[in-house]
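S.K.: sequence first, then the predicted structure, then my questions.
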Amino acid sequence: MHTNTLGFLIPQVDISTLKKIAIIKANSFLDNFEFKHSSDSDNSYLVIGQNLIGYGLEQLGYDITVVDGLGSTKTLVDVVSSGETFDYTFAADEHFTKSSTEAEQVMAIEALSKLTNIALYTTLKDYRNMHASQRFFQEPFEVKTPAGEAIIIRKRDWNKSDRQQWTNREWIIQNDELIVCAPIECRTMYFKQLAKFSSDAGAKNFQVEKKQMYKPLFSKSFEYIICISIG
């Protein structure tokens, strides 16, 4: 069993392709809100999770720290424990849904708010208006690699006793091999929920980008980009 889809497929993808995608994904956060970002500034950037945002920021010349990412040795727990803070934090790929309970979600928002000085960026799907067909299966995604075409299947197994909680399951089919990824326990997060929890944690403003959306790597599922002003 592999830990996740990205860990299995990224080593098979051409690095020049990843560079272009990474810069596009990083700029989708930097260009859409009132904060003016420059690689010449002294601002520090924290990137959480296994995505290409940190790679894109690094190519653009920003001072970054990546935790819980591909190849990173630091974890978010390490950073929180150290008391270190950053001017901007990127917690994409629906970071706040990666919890089993609402209490865990509140604690996650509080933790990131404390270590962020200026703004916290994250992403969410619109669970309130999600079509019934999207609740269980995401649209399959095909990746062409030198090792052969790979098809990614993603499914939500909803908890029968708690309608807001699900287990996220992923499978990769490559050639004649089936790769089973480790399941992830998740919980829905709504825009109003995130806005309230952020405000309770001391945030000053909450904005949802309506025109440009974020798409995780190896996925056809779009997510809204959100900027939470802290300082």
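M.R.: Done, it's in.

S.K.: mind listing the residues bridging to residue 44?
M.R.: Judged by DSSP bridges, the bridge partners of residue 44 are residue 63.

S.K.: any idea how far residue 230 is from it?
M.R.: 13 Å (CB to CB, to the nearest Å). No exception for glycine: its C-beta is placed from N, CA and C like everyone else's.

S.K.: ok, those two, which is more surrounded?
M.R.: For residue 44 versus residue 230, neighbours defined as other CB atoms under 10 Å are more numerous around residue 230 (22 against 17).

S.K.: for residue 39, pull up the helix or strand it's in.
M.R.: Applying DSSP states H and E as the criterion places residue 39 outside every helix and strand.

S.K.: got the contact list for it?
M.R.: Taking CB atoms under 8 Å, 6 or more residues apart in numbering, we find residue 39 in contact with 60-62.

S.K.: quick one: mean pLDDT over the longest helix along the chain.
M.R.: Across the chain, the longest stretch assigned as helix under DSSP state H is helix 15-30. When pLDDT is averaged over helix 15-30, the result is 95.

S.K.: what do you get for stretch 162-179?
M.R.: Confidence for stretch 162-179, expressed as mean pLDDT, is 95.

S.K.: quick one: contacts of it?
M.R.: 2, 4-5, 8-9, 100-102, 145, 147-159, 180-181, 183-188.

S.K.: strands - which of those residues land there?
M.R.: Assigned to strands by DSSP state E, the following of these qualify: 150-158, 180, 184-187.

S.K.: ok, residue 63 - how many residues close by?
M.R.: 14.

S.K.: out of the ones in strands among the contacts of stretch 162-179, which is nearest to residue 130?
M.R.: Distance to residue 130 across the ones in strands among the contacts of stretch 162-179 (CB to CB) is lowest for residue 156, with 10.3 Å.

S.K.: tell me the pLDDT of the closest one.
M.R.: With respect to pLDDT, residue 156 has a value of 96.

S.K.: how close does it get to residue 68?
M.R.: From residue 156 to residue 68 the distance is 22 Å (CB to CB).

S.K.: residue 138 now?
M.R.: Residue 138 is 22 Å from residue 68, where distance means CB to CB.

S.K.: how about residue 131?
M.R.: 31 Å.

S.K.: look at the two and report which has more neighbours.
M.R.: Set residue 131 next to residue 68 and count neighbours by other CB under 10 Å: residue 68 wins out with 16 against 6.
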